[in-house]
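A.B. asks: Predicted coordinates and the sequence they were generated for:
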Amino acid sequence: MSSPTNRMAFAAAAIAALVSVTADAQTAAEIVVRADQIRNPDQPFRFVSTLTEYVSSKPQAQNVLAIFSKKDPRTHQFRNLVRYVEPPRDAGKAVLLDGRTFWFYDPASKSSVRISPQQRLIGQAAIGDVLTVTMSIDYVPTLVSTESIQDANRQARESWHLDLKSANDLSTYARIEYWVEQQTFRPVKAKFYSDSGRLLKILFYRSFENTLGEERPTEAVILDAVDSSRVTTIKASGHKPADIPETWFQREYLPRLQTE
Amino acid sequence: MAFRACALVLALLWASAAGAQSPPNPDDELSRIPAEEPKPPPAAPPGESRLGQLHRKLYVESATETALLRSSLDVPLPSPNPPTIEARLFADALLEWIPRRDLSVHFSARAGLRAGDDIPFATHENIRVDFRELYLSWQPLGGAFLDVGRINLKSGVALGFNPTDFFKTRAVVEPLSVDPAVLREDRLGSLMLRGQYTWSFGSISAAYAPRLTSVTPVYTNSNLPSVDPMFDRTNAHHRLLVKGNVDLIADFSPEVLFYDEDGNVRVGANIAQSLGKKVVAYAEWAGGKEPRLANEALSYGVRTGSLPSAAASALGATSSEQFQNDVSAGLSYANESKMTFWLEYHLHQAAFSRQDWSTWFADGNGLAGSFLASTLWYIRGYAQEQQAPMSKHALFLRADWTDAFVFNLELTAFANINLYDGSTLAQVTASYSVTDFWSVAAIGAAYIGTRQSEFGSLPSVLSGLFTVRRHF
């Protein structure tokens, strides 16, 4: 039997712990929002993404994609239109990603097929990592700790270590470990996990440049955690504000998407 | 014993696909990062090409196919026999020219040489040119488009059979493979006028293809014209297609279609929906009054002079029409090992029932059968040219594995199963991108079933195809 004093002390500790947890949760959410603002411009924009696949440190393949991104005013999630520019065998292919709606268009077959969110990471539509995504909406963050980690250039960065859990079916990954630099809110590193808890990829952000009014990462280095011989670099360039009409996000528009 | 060995091999394959994992060391991680490349000098981003530039997708492909034929068939095939070896070398072009922001010109064609043991050498049959598309597209308003010319118009959300793809009939020429994905790639467009308007919540389009010629007999491999637009395949009827889709609620945007061919109306609908992260469910339906497949084929044969009217009446052909439904419904599932699976059910109500198959084999057997055999095979040739399934009920399975075992190797397998007799057309493809420009592929197909089954009654039992492709 505990005394009233003990019970009050326990209640005070419980309230303090609850307040602390709530404060942590708010902070974690704010950190992810600020990091999203660093990663992505708020206005509609277009850019070119160059993916280079390395196998055993040697470049094996390169894809160039033209990407149009615009926030959905209702959900605040980014909608993306992707048109393949290179290599020649893929030129003209296009993908529409609007909320839960994913369509893949192939000019060779002149037809659009619906793809699942999982197929963003498979085969010809494996573009899940080049898309503009709002992590603060797609994931629920928790602050794990603060720690000093090395960035892609082996510079020590005082970072928040966050654990992000998928908040909906739209998220590309089930879970992300995310490191954000404390002073600047710059994303430093991320680890991506599948539904089964398997580590799929490790990502480092680098090449911060002034892009559409903010210092933003223009390159992501993705280390394949399943096949250690494989690395992908994704370089973003040519960011421009763009007038992207709502009609472009209809699947029937996909064959008509131009890069001009 | 054999089962255990297979299970062990499958388990090893699965383990290699899944990969063993241990926690990565941060130093190992950093050592894998490629050095930052120096920034290239400023230039126009590659995705931002200038107006007036020609966008092209060109490749040259060599394809060699060989087939193993059955020694005898219960319903004998009229001569000539299908080829046992065939070689092709062709260039395929897809061009797009955008002279102004609101104007574009599209061209698509395939031209090449072929030789086989069913084609005499050297004749015009050794040269083949297919003009698939040539059309002008004008955008007078934001979401409005007007297209005129030869256009390949496709509809449908399913993979193995598209009931709402009304313009597919007779449009496929010389397919390299029976894979439905390949059949979509080399087919002729129809000369048409098309208008499309897209809103933020849906779109509507209307296409009219006029009749320019009359119907012609079913083509075979050995009587294809060398250089001919073949409008008889695509513009032998007045055809009108109106289709539209509306976003009813978020992520739910069904499409409805209205199709009129010389006064025969068909309607249709398409739905595709994500179920969670890994599954897509889709369904496609079309319905309208039409004769049964056999009657339609026989009447077409008589009309084009390919069959004597006596042959049609001998098989009891009638001209009656009924409302017939076509359905293709299925699911796709993608997993974390870069594999995607499809399962699809096909209904083609006008096609052969179990009784029709029994009659087909009974009519084709024996002495009387040899007299009717060419008529019976004509029905199957007609269905193939129409891209229509021969059986009422079928199951379609497909699997695709990207980066299988090694980077850039893709394995694809599909099976088309007749649900009456269990006979199966199975095909496996291994394609490998050697570089961004070179790729090779090997395809093997098997026609499995008893002698009196849909696929077991075909002349081929096995076939193999090897291709080498160079992109430019």
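C.D. replies: Thanks, I have the structure now. Quick caveat: nothing in here was measured; it's all calculated off a predicted structure.

A.B. asks: To which secondary structure element is B:Ala373 assigned?
C.D. replies: Per DSSP states H and E: B:Ala373 is located in helix B:366-386.

A.B. asks: what element comes up after that helix heading to the C-terminus?
C.D. replies: Note on helix B:366-386: by DSSP H and E, the next helix or strand toward the C-terminus is strand B:393-401.

A.B. asks: How far off centre is the following helix or strand past that following strand?
C.D. replies: Once the chain leaves strand B:393-401, the next helix or strand it forms, by DSSP H and E, is strand B:409-418. Chain-centre distance of strand B:409-418: 13 Å, with C-alpha atoms, centre = their mean, to the nearest Å.

A.B. asks: And for stretch B:230-249?
C.D. replies: Centroid separation for stretch B:230-249 versus its chain: 17 Å, with C-alpha atoms, centre = their mean.

A.B. asks: again with stretch B:273-289
C.D. replies: 18 Å.

A.B. asks: Tell me which residues of it come out buried.
C.D. replies: With burial defined by 16 or more other C-beta atoms under 10 Å in any protein chain shown, the residues of stretch B:273-289 counted as buried are B:273-274, B:277-280, B:282-288. (Each C-beta comes from the backbone N, C-alpha and C, glycine too.)

A.B. asks: Compute the mean per-residue pLDDT across it, please.
C.D. replies: Stretch B:273-289 shows a mean pLDDT of 94.

A.B. asks: rewinding a little: if we check chain A, which of the buried residues of stretch B:273-289 are in contact?
C.D. replies: Restricting the buried residues of stretch B:273-289 to those touching chain A (C-beta under 8 Å from any C-beta of the partner chain) yields B:Gln273, B:Ser274, B:Lys277, B:Lys278, B:Val279, B:Val280, B:Tyr282.

A.B. asks: Please narrow these to those residing in strands.
C.D. replies: Judged by DSSP state E, the subset of those located in strands is B:Gln273, B:Ser274, B:Val279, B:Val280, B:Tyr282.

A.B. asks: Adding distance to B:Tyr378 as columns, could you present the residues you listed in CSV?
C.D. replies: Shown next, in CSV, are those (distance: C-beta to C-beta, whole Å):
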residue, distance to B:Tyr378
B:Gln273, 40
B:Ser274, 43
B:Val279, 42
B:Val280, 38
B:Tyr282, 34
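
A.B. asks: residue ranges with poor pLDDT in the stretch 51-200 of chain B?
C.D. replies: Residue ranges of the stretch 51-200 of chain B with pLDDT under 70: B:51.

A.B. asks: which residues pair with residue 150 across the strands?
C.D. replies: Reading this off chain A. A:Ala156 (DSSP bridges).

A.B. asks: ah, no, chain B please
C.D. replies: Beta-bridge pairing of B:Arg150 under DSSP bridges involves B:Leu134, B:Leu191.

A.B. asks: Quick check: chain neighbours aside, which residue is closest to B:Val256?
C.D. replies: Using C-beta to C-beta, 6 or more residues apart in numbering or on different chains and skipping residues adjacent in sequence, the residue nearest B:Val256 is B:Ala269, 5.2 Å away.

A.B. asks: Now do the same contact list for that neighbour.
C.D. replies: Going by C-beta atoms under 8 Å, 6 or more residues apart in numbering or on different chains, B:Ala269 touches B:Thr164, B:Pro254, B:Glu255, B:Val256, B:Leu257, B:Glu284, B:Trp285, B:Ala286.

A.B. asks: how about a cut-off of 10 Å?
C.D. replies: B:Ala269 is in contact with B:157, B:163-164, B:243, B:245, B:254-257, B:283-287, counting by C-beta atoms under 10 Å, 6 or more residues apart in numbering or on different chains.

A.B. asks: Same question for B:Asn270.
C.D. replies: B:Asn270 makes contact with A:114, B:155-158, B:162-164, B:243, B:245, B:253-257, B:282-286, B:328, according to C-beta under 10 Å, 6+ apart.

A.B. asks: Please check those and keep the buried ones.
C.D. replies: Among these, those buried by neighbour count (16+ other C-beta under 10 Å) are A:114, B:155-158, B:162-164, B:243, B:245, B:253, B:255, B:257, B:282-286, B:328.

A.B. asks: shaky segments in the stretch 101-250 of chain A?
C.D. replies: For the stretch 101-250 of chain A, the stretches flagged by pLDDT under 70 are A:121-126.

A.B. asks: quick one, helices of it?
C.D. replies: Along the stretch 101-250 of chain A, counting by DSSP state H, counting those that start in this stretch, helices occupy A:135-138.

A.B. asks: Likewise for chain B?
C.D. replies: For chain B, the helices defined by DSSP state H cover B:2-18, B:26-31, B:180-183, B:231-234, B:293-303, B:309-314, B:354-364, B:366-386.

A.B. asks: Please dump the ones you listed into CSV; it should also carry distance to B:Trp438 for every row.
C.D. replies: Below are those laid out as CSV (distance: least, C-beta to C-beta, whole Å):
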stretch, distance to B:Trp438
helix B:2-18, 26
helix B:26-31, 32
helix B:180-183, 19
helix B:231-234, 33
helix B:293-303, 42
helix B:309-314, 50
helix B:354-364, 45
helix B:366-386, 32
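
A.B. asks: Relative to chain A, which of those is closest?
C.D. replies: Among the helices of chain B, the nearest to chain A by C-beta to the nearest C-beta is helix B:26-31 (5.6 Å).

A.B. asks: of the contacts of B:Ala269, closest to chain A?
C.D. replies: Chain A has its nearest neighbour among the contacts of B:Ala269 in B:Val157, at 6.2 Å by C-beta to the nearest C-beta.

A.B. asks: hang on, that closest one packs against B:Ile271?
C.D. replies: Yes: look at B:Val157 against B:Ile271 with C-beta atoms under 10 Å: they come within range, at 7.3 Å.
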